[in-house]
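Colleague: Here's my sequence, what's the structure:
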Amino acid sequence: MDYASLTTPPVCVADFCLIPIGTSSASVSDEVASVQRLMKASGLEYSMHSAGTTLEGSWDAVMRVIGQAHSLLHQNGVLRIQTDKKQHFSEKVRKVESILAADGKVDEKRSSVES
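Modeller: Numbering: from 1, shown residues only. Just a heads-up that it's a prediction; the model follows:
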C-alpha cells in the first residue's frame, strides 16, 4: 500500500479540551481566552462550551489549529498540556442512531406479537 498517497478526510469535527498542567493558579481562564482568540482568527467554525471547544473544518485545518493551540499555550509559559477527547461528531450520531434503530426493531417485534 502506498501510504503517502492517502488523503485526509474533507470534513472533521473535533471536540477538544486543553488542560494546562503546573500553572501557578487553579484558574485557566486566561489560557482559555487565548485559545478562543486563536479559534476566532482561524476562520473555522467553532463553539466554546463548559468542557472545551468544538471545531469544524477540513481534517488538516482542524488538526493544525489544535496544534497551534498547544504551541500558543507553550509560548505563554505553560510547560505541560493534556489534550482531552477528540472525536468526530458523526461517530456519536451513528452510535445513537444504531441504538434508536434497535429500539424500533424491538417495538416492531412487540407489535407483531401483540397483534
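
Colleague: Where do the helices of the chain begin and end?
Modeller: 29-42, 59-75, 89-114 (DSSP state H).

Colleague: now for those helices, which one comes closest to Pro10?
Modeller: The closest of the helices of the chain to Pro10 is helix 59-75. By Cβ to Cβ, the value is 7.4 Å. Any C-beta I mention is one placed from the backbone N, CA and C, and that applies to glycine too.

Colleague: What is that closest one packed up against?
Modeller: Packing partners of helix 59-75 (3 or more Cβ pairs under 8 Å, 6 or more residues apart in numbering; DSSP states H and E): strand 12-21, helix 29-42, strand 52-57, strand 80-84.

Colleague: Okay, and the beta partners of the spatially most central residue of the chain?
Modeller: The structure's the chain has its C-alpha centroid closest to Asp15; by Cα atoms, centre = their mean the separation is 1.7 Å. Asp15 forms beta bridges with Thr54, as assigned by DSSP bridges.

Colleague: My read is that it contacts Thr53, right?
Modeller: Yes - contact criterion Cβ atoms under 8 Å: Asp15 and Thr53 qualify, at 7.5 Å.

Colleague: Could you tell me the average pLDDT over stretch 35-51, please?
Modeller: Stretch 35-51 shows an average pLDDT of 94 in the prediction.
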